[in-house]
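Colleague: Below is the sequence, then the predicted model.
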Amino acid sequence: MEMKRINAGKLRAIGYDPRERILRVEFDDGRALEYTGVGNEVWRRLSTSGSAWSYYRDNVEEEFSSRSAAAAPSKKSNPLEDLFKPASDDGTK
């Protein structure tokens, strides 16, 4: 599922799987929830809302059943970081 990064209230990312009708929300504290049975119109309104946090609280949080989901890694690995990180002090060259 492709996630859309946002900064709205406590929300940090949202994503939707239209085939499975699953909405995934990730929070600023690292938690992630998946809501089942979410229609495309709810996703469209959430993802385009100027106030996504309010829309989420009013139209998703109490309206759909949720389950905890594994949080996505907070940072993608950057191969350039491996090239430029300091040498180790373990005596190897």
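Modeller: Here it is on my side, so go on.
Colleague: tell me, how many neighbours does the closest residue to A8 other than its chain neighbours end up with?
Modeller: The shortest distance from A8 to any residue other than its chain neighbours is 3.8 Å, reached at A52 (C-beta to C-beta, 6 or more residues apart in numbering). To be clear about C-beta, it is placed using only N, CA and C from the backbone, and glycine gets the same treatment. Counted with other C-beta atoms under 10 Å, residues neighbouring A52 total 21.
Colleague: Contact partners for A52?
Modeller: Counting by C-beta atoms under 8 Å, 6 or more residues apart in numbering, A52 touches 6, 8-9, 11, 14, 46.
Colleague: Now that we're looking at it, what pLDDT does it have?
Modeller: The model reports A52 with a pLDDT of 96.
Colleague: what ranges do the strands span in this structure?
Modeller: Assigned by DSSP state E, the strands in the chain fall at 3-8, 11-17, 22-27, 32-36, 66-68.
Colleague: Can I get the ones you listed in JSON lines including distance to Y56, mean pLDDT and mean neighbour count?
Modeller: Formatted as JSON lines, the strands of the chain follow (distance: least, C-beta to C-beta, whole Å; pLDDT from 0 to 100; neighbours: other C-beta atoms under 10 Å):
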{"stretch": "strand 3-8", "distance to Y56": "8", "mean pLDDT": "94", "mean neighbour count": "13"}
{"stretch": "strand 11-17", "distance to Y56": "6", "mean pLDDT": "97", "mean neighbour count": "19"}
{"stretch": "strand 22-27", "distance to Y56": "7", "mean pLDDT": "97", "mean neighbour count": "21"}
{"stretch": "strand 32-36", "distance to Y56": "10", "mean pLDDT": "97", "mean neighbour count": "18"}
{"stretch": "strand 66-68", "distance to Y56": "11", "mean pLDDT": "95", "mean neighbour count": "12"}
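Colleague: With that, I have no additional questions.
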